[in-house]
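S.K.: just coords:
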């Protein structure tokens, strides 16, 4: 009788114990970067803020990462009288579930941001900040509008409102693709 209870208990335990799944996790579809591929290359950019007397020169190198899931832009700027040199890494991918482009930025001095765009409307991408929270010095932001002027030139415009005086500060970026010549 004891053997029968042990056997029934063993069968019941086996029936309720989940088996370990061996099915591979499906990989998400890789983004179709065809509408963005013209970004790949080296860019010389000029970043101008309405509250600064002079622009900042930025060099940006954009590549597709080896996995094919990210477009990565590494930017560097030299020091100005009002800003130290800095570096940023900007990673963009397409999230197929909500059908949106996602941009994650990190940089020196704790810089970070996340924004998204539904994609191109003609020659324009509109990026909405996903992480904005009012702070001690910024009370509002407007989406960033990025415009393709040609395969070798793009521009971006954004704005934020200062809390101290409610003034809107514009930030404009113009980038020209570096055309390397063969020797």
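M.R.: Done, it's in. Here the structure is a predicted model, which is why all the values come from computation and not from measurement.
S.K.: residue 171 in helix, strand or coil?
M.R.: The three-state assignment at residue 171 reads strand, by DSSP: H, G, I helix; E, B strand; the rest coil.
S.K.: kindly report the same for the one 5 residues further on.
M.R.: For residue 176, the secondary structure call by three-state DSSP comes out as strand.
S.K.: quick check: beta-bridge partners of it?
M.R.: For residue 176, the beta-bridge assignment (DSSP bridges) gives partners residue 44, residue 153.
S.K.: what does the model give the closest residue to residue 77 other than its chain neighbours for pLDDT?
M.R.: Setting aside the residues directly before and after it, residue 77 is nearest to residue 58 in space (C-beta to C-beta, 6 or more residues apart in numbering), at 4.7 Å. The way it works is simple: take the backbone N, C-alpha and C, and place the C-beta from them, glycine included. Note on residue 58: pLDDT of 97.
S.K.: gap between residue 58 and residue 69?
M.R.: 25 Å (C-beta to C-beta, to the nearest Å).
S.K.: neighbour count winner among those two?
M.R.: Here residue 58 and residue 69 are compared on neighbour count by other C-beta atoms under 10 Å; more neighbours surround residue 58, at 19 against 16.
S.K.: just checking: what are the partner strands of the helix or strand harbouring that one?
M.R.: Residue 58 is part of strand 56-64, with elements assigned from DSSP states H and E. For strand 56-64, the pairing partners within the sheet under DSSP bridges are strand 41-49 (antiparallel), strand 71-77 (antiparallel).
S.K.: nearest to residue 116, out of the ones you listed?
M.R.: Of all these, the one in closest proximity to residue 116, counting by C-beta to C-beta, is strand 71-77 (14.4 Å).
S.K.: and the angle from the following helix or strand past the closest one to strand 71-77?
M.R.: Along the chain past strand 71-77, the next helix or strand (assigned with DSSP H and E) turns out to be strand 86-95. Between the axis of strand 86-95 and that of strand 71-77 there is an angle of 160 degrees, by axes from the mean of the first three to the mean of the last three C-alpha atoms, to 10 degrees.
S.K.: ok, and what's touching strand 86-95?
M.R.: By C-beta atoms under 8 Å, 6 or more residues apart in numbering, the residues outside strand 86-95 that reach it are 31-32, 36, 69-77, 100-109, 111, 116.
S.K.: apply 6 Å and report the result again.
M.R.: Around strand 86-95, the neighbours that count as contacts under C-beta atoms under 6 Å, 6 or more residues apart in numbering are 31, 69-77, 101-108.
S.K.: name the residues of the strand ranked longest in the chain that are buried.
M.R.: Secondary structure of the chain per DSSP state E: the longest strand is strand 138-150. Residues 141, 144, 146, 148 are the ones in strand 138-150 that count as buried (16 or more other C-beta atoms under 10 Å).
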